[in-house]
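Asks: sequence first, predicted model second:
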Amino acid sequence: MTETILKRWDNELVIAGIAVLLLLPLFGMPPKTYLTLTIAGLAMGMLLFLVASGVSIILGLMDVLNFAHGALFAWGAYVGFSTFKLLEKWVQADSVLLNFGAFAAAIICAMTVVAVLGMVLERVIVRRVYGNHLFQILITFGATIVLVEMIRVIWGPNDDVMSVPLTFQGNWDVFDVIIDRYRIICILIGALVFGAVQLILKKTKLGLIVRAGVENRDMVQAMGHNIFLLFTGVFAVGAGLAALGGLAMSIFSLQVYPDMGSTYLLFAFIVVIIGGLGSVTGSLVGALIVGLSYNYVAYLVPWAAAGVNIIIMIIILLIRPKGLFTAGK
Amino acid sequence: MNDAVLKADNLQTYIGHHHILQGISFEARADAVTVLIGRNGAGKSTTLKTLMGLLPPSEGVIVYNGMNIQGKRPYEIARMGIGYVPEDMGIFADLTVEENFKVAKLKEDEATAGRLDRILELFGALGKFWHAPAGNLSGGQKQMLAIGRAMVNNISLLLIDEPSKGLAPIIVEALIEAINQIKEECVVVLVEQNFYMASAVGDYFHILDDGRIVHSGRMEALVDDEELKSRYLGISKSKS
């Protein structure tokens, strides 16, 4: 009986448990501080989700360890950076419409360029090493070096300051709680992407085939679906999401630099391990855990902030070695 | 034979460095169930995977409906009208029964809808669990889903790998009845270790041993051949 309940409400119990744990810091700080940290944590979590969801789907469906994902993330940031430079007047204009216009243009350019880059990467390099993790690590690590060096050649080796559209700057004061505007925008972008990906995965035939492919690639092929075309498409979407993450993160951190992908790739792998391979919901929950716990611990026990995510990952690996959520969800 | 839907000639397949199929040749005739039978590790499942393109052979020819399909990818072979039910059934456990069928359907037309209706008539239990995750089905229901899913497209050849494995005798009886109906609609190549089921549905048999076909013939002949059954299938007279 207990076993049946646990099995049936498995995911709900996981979410309830996480919610309880994340409410605990409320006892160690004033509620307003908790709210501020929660918004900061949610924003950080959503940005990590954008990077991690691509890694998760690529790893879950294609069984490919893509170490070049961080470089694609950096390319997204730089293409966005160039788009903002081109549309400087829109970015600096005192107009919500023009600001969002510039942001939408940067998203479209970054995602398109990086998705094409991802397709080329999959067709030319990754396809040759399917089924061999060691070669995948080596070859995608090599691709990272090439892609980062290309950034240095095109945009220069130094850090650059990322422009921020005027509307995204500043704070809102809601009942004495200071809320950064851009953090709310990050949360909304993350929620929108999650909703869109879930809609595609659950309500479209293509999404069903991807979910089926995460569970059993051979069977999907044996049903008449060209898995290699699907792999290229998924790789492009994963790269596009990394680009969106890179663009959003560069606005958040106000800078772009050629090696920026490696920092966030580590976080992305932690998120994927916590959430479960191939699970988009798992990526979201894992990213929110990482984002929130980092912010709470940085306030409560500053010296432990850097290691808290590693500790969470180890605990989850001990309790649920396959991550919090099963593949295909 | 002129009425062969599938002809495999001298199939040689390796898995890693292991030489699993060492020259398999056989035919699957129209309007018949061909059973590949043999002990564990004889190469039965590898033969079906090779036919389906999941394990490309290093040598050999596979002719299906007059076309050489050797070297084609699994999705191309499936689109030519070959359905496949693997040994582990290949159910997408996180997807509902309905979603499993949606993934399987290559076309959304009236003919496909008609076939789905017939499948749900044949396997009534699937309709009851239409919106349930396939992972929650019993072993027998999963097997029904696997077979039904393979038949939802317009296929002329169905490859089924050990459908009776791990199932209760009453479910095996239901499967026998189902396969006897299915064979009216398409050619069936069945891999089976359960001799009772093999003999109940099979018209022709091929005994595999160490990656080779060592005996072939009509199923009635094998049923009466105690020596052959004892030597290659480990069935003594009292057991059969």
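Replies: That came through, no problem. Numbers count the residues shown, from 1 in each chain, chains lettered A, B, ... in the order given.

Asks: any stretches of the chain with poor pLDDT?
Replies: Chain wasn't specified; assuming chain A. The model of chain A has pLDDT under 70 over residues A:1-11, A:326-329.

Asks: that's the wrong chain, I meant chain B
Replies: In chain B (pLDDT under 70), the answer is B:1-2, B:237-240.

Asks: quick check: closest non-adjacent residue to the most centrally placed residue in it.
Replies: Among the residues of chain B, the one closest to the centroid is B:I160, at 1.5 Å (C-alpha atoms, centre = their mean). Nearest non-adjacent residue to B:I160, counting by C-beta to C-beta, 6 or more residues apart in numbering or on different chains: B:V85, 4.5 Å away. Every residue, glycine included, has its C-beta placed from N, CA and C.

Asks: which strand or helix spans A:A298?
Replies: In this structure, A:A298 sits in helix A:280-300 according to DSSP states H and E.

Asks: which parts of that helix are buried?
Replies: A:280-299 (16 or more other C-beta atoms under 10 Å in any protein chain shown).

Asks: what is that helix packed up against?
Replies: Other elements packing on helix A:280-300 under the criterion 3 or more C-beta pairs under 8 Å, 6 or more residues apart in numbering or on different chains; DSSP states H and E are helix A:10-23, helix A:31-62, helix A:181-203, helix A:260-275, helix A:305-319.

Asks: the first one and chain B, are they touching?
Replies: By that I understand helix A:10-23. No: for helix A:10-23, no contact with chain B is found by C-beta under 8 Å from any C-beta of the partner chain; the gap never falls below 11.1 Å.

Asks: my guess is A:A106 meets A:T83, correct?
Replies: Yes: using C-beta atoms under 8 Å, A:A106 is in contact with A:T83, at 4.1 Å.

Asks: if you count surrounding residues, which of those two has more?
Replies: Set A:A106 next to A:T83 and count neighbours by other C-beta atoms under 10 Å in any protein chain shown: A:A106 wins out with 30 against 23.

Asks: roughly how far does the more buried one sit from A:L35?
Replies: 30 Å (C-beta to C-beta, to the nearest Å).

Asks: secondary structure class for the closest residue to B:A42 other than its chain neighbours?
Replies: Among residues not flanking B:A42 along the chain, B:L208 sits closest, at 4.0 Å (C-beta to C-beta, 6+ apart). Classification of B:L208 using DSSP: H, G, I helix; E, B strand; the rest coil returns strand.

Asks: contacting residues for B:L208?
Replies: B:I24, B:L36, B:I37, B:G38, B:A42, B:G43, B:K44, B:T47, B:V214 (C-beta atoms under 8 Å, 6 or more residues apart in numbering or on different chains).

Asks: how many residues are close by A:I145?
Replies: The number of residues near A:I145, taken as other C-beta under 10 Å, comes to 11.

Asks: just checking, what packs against the strand or helix carrying it?
Replies: Using DSSP H and E, A:I145 falls within helix A:133-155. In this structure, helix A:133-155 packs against helix A:69-86, helix A:260-275, with contacts taken as 3+ C-beta pairs under 8 Å, 6+ apart.

Asks: of all the contacts of B:L208, which comes closest to B:I91?
Replies: B:K44 (20.6 Å; C-beta to C-beta).

Asks: find the nearest non-adjacent residue to the closest one, please.
Replies: Per C-beta to C-beta, 6+ apart, closest to B:K44 is B:V191, 4.2 Å.
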